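Visitor: this is the structure alone, sequence omitted:
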């Protein structure tokens with residue numbers, strides 16, 4: 001069994017065999033969760049947020065987001081538009097998508113003046129590419145295009161959910177945003 005670091009590096013290298021190994025190992029769920037948390041903490045540091053509470057809350061939100069993203073991906077990719085050979089469960093997607101967050105660790109460099117935003121952008125694009133490979137392998141797709149479509153649809157639905165939740169929270173006055181007329 002590969003170590004967490006070996007798997008994270010393999011996932012960041014977009015190595016399909018690494019994703020296959022992760023998909024097949026139910027014990028890799030804790031490792032995947034660790035990658036999601038570390039990537040989230042790196043993003044928090046890179047965004048120059050200060051305070052342990054903010055970082056901890058960010059990690060909690062990242063874990064919830066990871067679960068929701070994996071669930072959406074499962075429903076879209078395995079239920080709505082599977083290929084004939086697609087056989088997957090939610091756990092496989094949680095593991096592979098968790099490791100697809102590996103490049104996000106570079107977001108810690110977002111704090112660097114002038115070029116930090118470029119690093120964050122590059123990490124986001126790299127994470128999307130890793131997500132495509134993770135989805136392709138977990139859903140046993142032959143088509144990378146289908147994996148891109150599943151990721152794009154999932155991303156749009158995920159963002160719509162975030163916007164709807166934010167609008168609801170603002171309307172309910174729960175996020176401390178004062179709306180004046």
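Guide: Ah, there it is. None of these values were measured; they are calculated from a predicted model.

Visitor: can you get me a residue count around residue 67?
Guide: Neighbours of residue 67 under the rule other Cβ atoms under 10 Å: 17. Just so you know, the C-beta spots here come from the backbone N, C-alpha and C atoms, and that holds for glycine as well.

Visitor: could you check how far it is from residue 61?
Guide: 11 Å (Cβ to Cβ, to the nearest Å).

Visitor: give me the buried stretch members for the lengthiest helix in the chain, please.
Guide: Ranked by number of residues, the top helix in the chain under DSSP state H is helix 144-171. Neighbour counts over helix 144-171 (16 or more other Cβ atoms under 10 Å) mark 146-151, 153-154, 157-158 as buried.

Visitor: redo those as CSV? Include distance to residue 84 and pLDDT.
Guide: What follows is these, written out as CSV (distance: Cβ to Cβ, whole Å; pLDDT from 0 to 100):
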residue, distance to residue 84, pLDDT
146, 12, 96
147, 15, 97
148, 19, 97
149, 16, 96
150, 15, 96
151, 20, 95
153, 20, 95
154, 21, 92
157, 24, 92
158, 27, 88
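
Visitor: and which of these is nearest residue 133?
Guide: Closest approach to residue 133 among the buried residues of helix 144-171 (Cβ to Cβ): residue 147, at 7.5 Å.

Visitor: surely that closest one and residue 141 touch.
Guide: Yes - using Cβ atoms under 8 Å, residue 147 and residue 141 qualify as a contacting pair, with a distance of 5.2 Å.

Visitor: before we move on, the earlier item: what's the longest helix of the chain packed up against?
Guide: helix 52-74, helix 116-138 (3 or more Cβ pairs under 8 Å, 6 or more residues apart in numbering; DSSP states H and E).

Visitor: so what does the last one touch, helix or strand wise?
Guide: Translated: helix 116-138. Helix 116-138 sits against helix 4-12, helix 16-24, helix 29-46, helix 90-100, helix 144-171, with contacts defined as 3+ Cβ pairs under 8 Å, 6+ apart.

Visitor: try it again at 7 Å.
Guide: If you count contacts as 3 or more Cβ pairs under 7 Å, 6 or more residues apart in numbering; DSSP states H and E, helix 116-138 packs onto helix 16-24, helix 90-100, helix 144-171.

Visitor: indicate which one of those is closest to residue 127.
Guide: The closest of the helices and strands packed on helix 116-138 to residue 127 is helix 90-100. By Cβ to Cβ, the value is 6.3 Å.

Visitor: buried sites along the closest one?
Guide: Neighbour-count burial for helix 90-100, counted by 16+ other Cβ under 10 Å, picks out 91-100.
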